[in-house]
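Student: pasting a predicted model and its sequence here:
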Amino acid sequence: MTSFFDEIARNRLKSVLLMCLFSGIFFLIVYAFVEYFGGGIFGLAIGAVIIIAYAAFSLLAGHKLVLKVSGAKEADRSKYPVLYDAVEGLAAASQVPMPKVYIIDDPNPNAFATGPNKKHAYVAVTTGLLAMMNKSELQGVIAHEMSHIYNNDIQFMMIAVVFAGAIGLLAAIIRNSLFFGFGGRRSNGGGYILIVALILSIVAPIVAFLIRLAISRRREYMADANGGRITRDPGSLASALMKIKDYTSKPNAAPVKHANDVTASLYFSSPLSVASISNLFSTHPPIDERIKKLKQMY
């Protein structure tokens, strides 16, 4: 058995350590890029400004794109009173402002939270989730999403996505430059720089991708633990996960219609496939493992 607080602290520490490793890889690829193209401090400063601007835009406006791409529509309170009551009550219990409530017309039972900050957050649930869950199970799922808002997971993961994208872009530019033979230092230690740049351009994007997925899984474990703490009923959250597992185990089960690689980490459970080839390449921990951890909490 483990306490909610121990599980939350453990996963918070692991996710922070992973982000530190992520940052180290990012600075390595930036350094290789600047050294390879000879931009010096000026080039590094320009790159930093561009990446910070991109990150700021993603944090401030990314949620609008997520809602639009997901096909989410603002929910009518008179039509979904149980959902609104759950969100309102758990927002108060989580000590966050009431988020706006959205509905996604999709039979796959799922949900996600998004928004630039705690004061301007959004919770979206699928019609499939509402049809499948009883009141306590729905509260468990909503508590999980409220935990993401409270823990700033949305912003945390958005930064991870931005930096992973930046690493991939810089690496692609270096590889293309090497392949087509333009740019890059050819003298004064250029051979060494070429080798380092080539290795980093191949390895860094792969490692960054895996770290981003690992961070996502840690934040899911933490939201499960915090969701169970808020409701004081981890069993209902485990029951909700079991129902989702039963649904996705069916041969004809379809993934969430409008989910993609960028938005997948936001969802309550993996929206892209019914089974992951490997946990290493999944945005979410195995459902069985999540259920096991929830049943051991007190």
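Tutor: Perfect, I can see it now. Residues are numbered from 1 along each chain as shown.
Student: these two touch, right, residue 3 and residue 293?
Tutor: No - Residue 3 lies out of contact with residue 293 (CB atoms under 8 Å); the separation is 11.8 Å. (C-beta placed from N, C-alpha, C; glycine too.)
Student: who's more crowded, those two?
Tutor: Using other CB atoms under 10 Å as the criterion, residue 3 and residue 293 rank with residue 293 on top: 19 against 13.
Student: quick one, what contacts the more buried one?
Tutor: Residue 293 makes contact with 2, 7, 221, 224-225 under the criterion CB atoms under 8 Å, 6 or more residues apart in numbering.
Student: hmm, 7 Å instead?
Tutor: Counting by CB atoms under 7 Å, 6 or more residues apart in numbering, residue 293 touches 7, 221, 224.
Student: sec struct for the second one, please.
Tutor: Under the three-state scheme (DSSP: H, G, I helix; E, B strand; the rest coil), the conformation of residue 221 reads as helix.
Student: what residues does it make contact with?
Tutor: Counted by CB under 7 Å, 6+ apart, residue 221 has contacts 11, 285, 293.
Student: let's have those residues in a markdown table, adding secondary structure, distance to residue 259 and pLDDT.
Tutor: A markdown table is the format used below for these (DSSP: H, G, I helix; E, B strand; the rest coil; distance: CB to CB, whole Å; pLDDT from 0 to 100):
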| residue | secondary structure | distance to residue 259 | pLDDT |
| --- | --- | --- | --- |
| 11 | helix | 24 | 70 |
| 285 | coil | 17 | 93 |
| 293 | helix | 24 | 92 |
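Student: between the contacts of residue 293, which sits nearest residue 34?
Tutor: Proximity of the contacts of residue 293 to residue 34 (CB to CB) peaks at residue 221, which lies at 36.6 Å.
Student: how much space separates the closest one from residue 268?
Tutor: Distance of residue 221 to residue 268, given as CB to CB, to the nearest Å: 13 Å.
Student: what of residue 243?
Tutor: In this view, residue 243 and residue 268 are 12 Å apart by CB to CB.
Student: which residue ranges of the stretch 1-150 of the chain form helices?
Tutor: 4-37, 40-69, 81-94, 127-132, 135-150 (DSSP state H, counting those that start in this stretch).
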